[in-house]
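In: sequence plus predicted model, see below.
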Amino acid sequence: MAPEVLIVGAGPTGLTLMLELAGRGIAARLVDGAPAAHEESRALQLAARTLRVLHDNGLAEAIIEAGHEVHGVAIYAAGDRVAHVDFDDIDLPYPFTCVVSQSATERLLIAALEKVGGKVERGLTVTAASQDDAGVTVRLGEEELRVGWLVGADGAESLVRRAFGFEWEEDREQTFAIADCRMDVKLPRDEEHVFQAPSGLALLVPMPGEGRWRVVVDNPPKGAPDAPDRAFLEKLIDERSTGLGLDEVLWSRTLRRRPGRAVSRRAGRVFLAGDAAMVQGLLGDPGVNSGIVDAHNLGWKLALVASGAAQPAVLDAYDIERRPPVASPRHVNDAVTRAVTLRQPVTREVRDHISGYLLTLDAVKRKLALEHKYTRSPIVGENRSPLRQAALVPDRTTEVASVRDWLDFGAAPGPGEHVPDVPIEGKRLCDLLRGGKHTLLLFDGGAATAPGYQNLTDIAARARARCADLLAVHIVVPRAERPAELAPDVSVLLDDEHVFHRRFGAGAECLYLVRPDGYVGFRAQPATWEPLAEHLDKIFTASSP
């Protein structure tokens, strides 16, 4: 069978996208110019949002087992700890960073891909490519291939990006010396540690294995060797910290990187993802994380369109959604980096205060976890009755929302925001959402009325008839037992402690359509069929099964 999609680049981005497509039955090929997978540790840190993506693919637990959990970041200046942020209250199933070598992550992704019949074809590079309205023609060595879509996940020097003339913007070059070392340091191994000094910073990240740390120092002296040795690194570390001893250098490199970004991530039937779309700095390994989330975001859209189940315009949302979110961590990363690397002595006290302020902001914490909002996406929306129609006092004998219900719904996850990972019937919402489908949650609210139950039953039946197996439908009731009034063929979730209802602001009857990537695609209060049907028509084709 001829592939619908060709993915170029078998790093974490390309592997994740291939796994997403293969799991949805889309014929695809994944090629890479390298003869074999890299064995170096490279990028190490997988953020909380990235682990949520890998959970959907059944890989999070294996990756966490292969890695090391980091629950916070500490910043030091002049030997004193001046700031700290922890990740434990991040509203995701894995509220921490997992430190694991990129090579280990890739091995686990490849193994998962092989289980579903996929593979990586190595030693193949794109030598020529062109597109028309019907597809893309690609030359791989001597082979000419015709595909529906082409995705460039081939890194910072992307051949796909150059072949199709994507406009590219660049920032100033950054230089870092990085090394995997054995160190005997008396620092907590569940935190990253940033040491500030007039000459720059030193970052220590605990790695799996006793006494192993990743060391990153910015702005090394000119003429830094390509592979810094122990003496070179030890001198830099001593300048920027106190009481740290370096026992052995296991691997090292001086990296010179010029951050940049594609002005657009889509040109017709060609897409960019990962470092091919945006090259970022090194702090926190934002590139590998953004690339995996890129693949997750593009994967479900491309699979639906390629199968004929979704409107082609759904693909427009990929570029719109992923450009602002990927830029945000870069801007936060740059701001934190500037704060902790100010060189002038007169500004060091100010720098220390800025560092502490930045790393205690909830918004920055969310961005460090790579948690983003897609509120400007063309495929998200909501329908809310005006406040003037709300009752001043709650009346639980009717389905009319009160002012309090209206306000609570407004404060709950909105269109383009990620849903909270709340417990339901002894499980987590992230488990309920696994499977690659859209999920319709119909909330009963505080009133238990026969008309209300009938309304939710009717919406459930119409939604299933409209979208068939593309949509999972659940009615959520704040009860300990299933109401007899609900049809026996509809799934009912019992929220007897009302946790689910509270987190979704569901004091009155309402609905949420959750996308395959865990974001709110549409919501409505009150729960009514017509606005939901209009939104479904924007996403799914008339011929959807």
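Out: That came through, no problem.
In: who's in contact with residue 67?
Out: Counting by Cβ atoms under 8 Å, 6 or more residues apart in numbering, residue 67 touches 46, 98-100, 104, 208. Glycine gets a C-beta too; all of them are placed from N, C-alpha and C.
In: for it, give its distance to residue 215.
Out: 18 Å (Cβ to Cβ, to the nearest Å).
In: related to what we said a few turns ago, dump the contacts of residue 67 into a markdown table; add secondary structure as well.
Out: Below are these laid out as a markdown table (DSSP: H, G, I helix; E, B strand; the rest coil):
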| residue | secondary structure |
| --- | --- |
| 46 | strand |
| 98 | strand |
| 99 | strand |
| 100 | coil |
| 104 | helix |
| 208 | coil |
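In: specify which member of those is nearest to residue 83.
Out: residue 99 (20.2 Å; Cβ to Cβ).
In: isn't the closest one up against residue 66?
Out: No - when contacts are counted by Cβ atoms under 8 Å, residue 99 is not listed as touching residue 66 (10.1 Å).
In: overlap in contacts, the two.
Out: Common contacts of residue 99 and residue 66 (Cβ under 8 Å, 6+ apart): residue 208.
In: neighbour-wise, which of the two wins?
Out: Neighbours per residue, other Cβ atoms under 10 Å: of residue 99 and residue 66, the larger number sits with residue 99, 23 against 15.
In: what's the closest non-adjacent residue to the more buried one?
Out: Take residue 99 and drop its neighbours on the chain: the residue closest to it by Cβ to Cβ, 6 or more residues apart in numbering is residue 68, 4.5 Å away.
In: how far away is residue 4 from residue 28?
Out: Distance of residue 4 to residue 28, given as Cβ to Cβ: 6 Å.
In: average model confidence for stretch 503-511?
Out: Stretch 503-511 comes out with an average pLDDT of 97.
In: buried set for that stretch?
Out: Buried positions in stretch 503-511, judged by neighbour count with 16 or more other Cβ atoms under 10 Å: 503-511.
In: now those residues as CSV including distance to residue 411?
Out: Listed next are the buried residues of stretch 503-511 as CSV, based on distance: Cβ to Cβ, whole Å:
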residue, distance to residue 411
503, 10
504, 10
505, 6
506, 12
507, 11
508, 14
509, 17
510, 13
511, 17
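In: and these as a markdown table, adding secondary structure and distance to residue 420?
Out: As requested, the buried residues of stretch 503-511 are exported to a markdown table (DSSP: H, G, I helix; E, B strand; the rest coil; distance: Cβ to Cβ, whole Å):
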| residue | secondary structure | distance to residue 420 |
| --- | --- | --- |
| 503 | helix | 5 |
| 504 | coil | 8 |
| 505 | coil | 11 |
| 506 | coil | 12 |
| 507 | coil | 16 |
| 508 | coil | 19 |
| 509 | coil | 20 |
| 510 | strand | 15 |
| 511 | strand | 16 |
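In: hmm, which two among the residues you listed are most spread apart?
Out: Spanning the widest gap among the buried residues of stretch 503-511 are 503 and 509, at 16.2 Å by Cβ to Cβ.
In: give me the number of residues near residue 383?
Out: Look at residue 383: counted by other Cβ under 10 Å, it has 18 neighbours.
In: for the nearest residue to it once chain neighbours are set aside, give me its contacts.
Out: Leaving aside its sequence neighbours, residue 383 sits nearest to residue 531 (Cβ to Cβ, 6+ apart; 3.7 Å). With contact set as Cβ under 8 Å, 6+ apart, residue 531 has these partners: 383, 522, 524.
In: equivalent analysis for residue 121, please.
Out: When contacts are counted by Cβ under 8 Å, 6+ apart, residue 121 touches 29-32.
In: quick one, strands of the stretch 51-200 of the chain?
Out: Counting by DSSP state E, counting those that start in this stretch, one finds strands in the stretch 51-200 of the chain at the ranges 68-70, 72-77, 80-86, 97-99, 121-122, 126-132, 135-140, 143-147, 149-152, 168-170, 174-183, 191-197, 200-206.
In: just send those strands back as CSV, with mean pLDDT and distance to residue 464 too.
Out: Formatted as CSV, these follow (pLDDT from 0 to 100; distance: least, Cβ to Cβ, whole Å):
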stretch, mean pLDDT, distance to residue 464
strand 68-70, 96, 40
strand 72-77, 89, 44
strand 80-86, 84, 43
strand 97-99, 95, 37
strand 121-122, 96, 39
strand 126-132, 95, 37
strand 135-140, 96, 33
strand 143-147, 96, 33
strand 149-152, 98, 29
strand 168-170, 93, 45
strand 174-183, 93, 52
strand 191-197, 90, 47
strand 200-206, 91, 48
